[in-house]
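Participant: build me a structure from this.
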Amino acid sequence: MLLPFTISYTLASAVAASFATWIGYFSPFMIFGSVFMGVGIGLLSCLKINSSSAAWIGFQIIAGIGGGSGIPAACMPPQVVLPATEVSIGIGLLQFAMVMGSTHCCRFCTNSALEQFEGAAEEGGAGS
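Facilitator: Numbering: from 1, shown residues only. Model prediction:
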């Protein structure tokens, strides 16, 4: 089920890296990727149980193109601004920050949702 997303992500990543190397700018690919990823994920959230295969495959391809062109582009700035001896450290720190940021975001969102559910349960009472 994730094959369309994975293939489009991989191809878009290779194409975006090639074009970024060719034109010398990586920012347009990050913007393009953000737009396509947002649209693709939004479309995926609209799927119904009886949606056609063409719909979910197409939506995954759109999201994969966005992710493939935008997410790997975040690793390009350290390669441009850091000396060659520090590039691996810079990319390692960037990847660490990306993973830790998303981990903490999930934790904060979960805590917020739990607080709302607890508040709603207290207002409704135990037997409602």
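
Participant: mind listing the helices for the chain?
Facilitator: Along the chain, counting by DSSP state H, helices occupy 3-23, 27-45, 53-70, 76-81, 87-124.

Participant: could you dump these to a markdown table with mean pLDDT?
Facilitator: Listed next are those as a markdown table, based on pLDDT from 0 to 100:
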| stretch | mean pLDDT |
| --- | --- |
| helix 3-23 | 91 |
| helix 27-45 | 93 |
| helix 53-70 | 94 |
| helix 76-81 | 82 |
| helix 87-124 | 83 |
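
Participant: single out the most deeply packed of the ones you listed.
Facilitator: Most buried of the helices of the chain, by mean neighbour count (mean count of other C-beta atoms under 10 Å): helix 53-70, with a mean of 20. Every residue, glycine included, has its C-beta placed from N, CA and C.

Participant: who does it touch, helix- and strand-wise?
Facilitator: Helix 53-70 is packed against helix 3-23, helix 27-45, with contacts defined by 3 or more C-beta pairs under 8 Å, 6 or more residues apart in numbering; DSSP states H and E.

Participant: could I get these as TSV with distance to Gly70?
Facilitator: Putting the helices and strands packed on helix 53-70 into TSV (distance: least, C-beta to C-beta, whole Å) gives the following:
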stretch	distance to Gly70
helix 3-23	8
helix 27-45	2
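
Participant: any idea how far Ala63 is from Leu82?
Facilitator: From Leu82 across to Ala63, the span is 31 Å (C-beta to C-beta, to the nearest Å).

Participant: sorry, slip of the keys, the one I care about is Ile71.
Facilitator: Going from Ile71 to Ala63 by C-beta to C-beta gives 11 Å.
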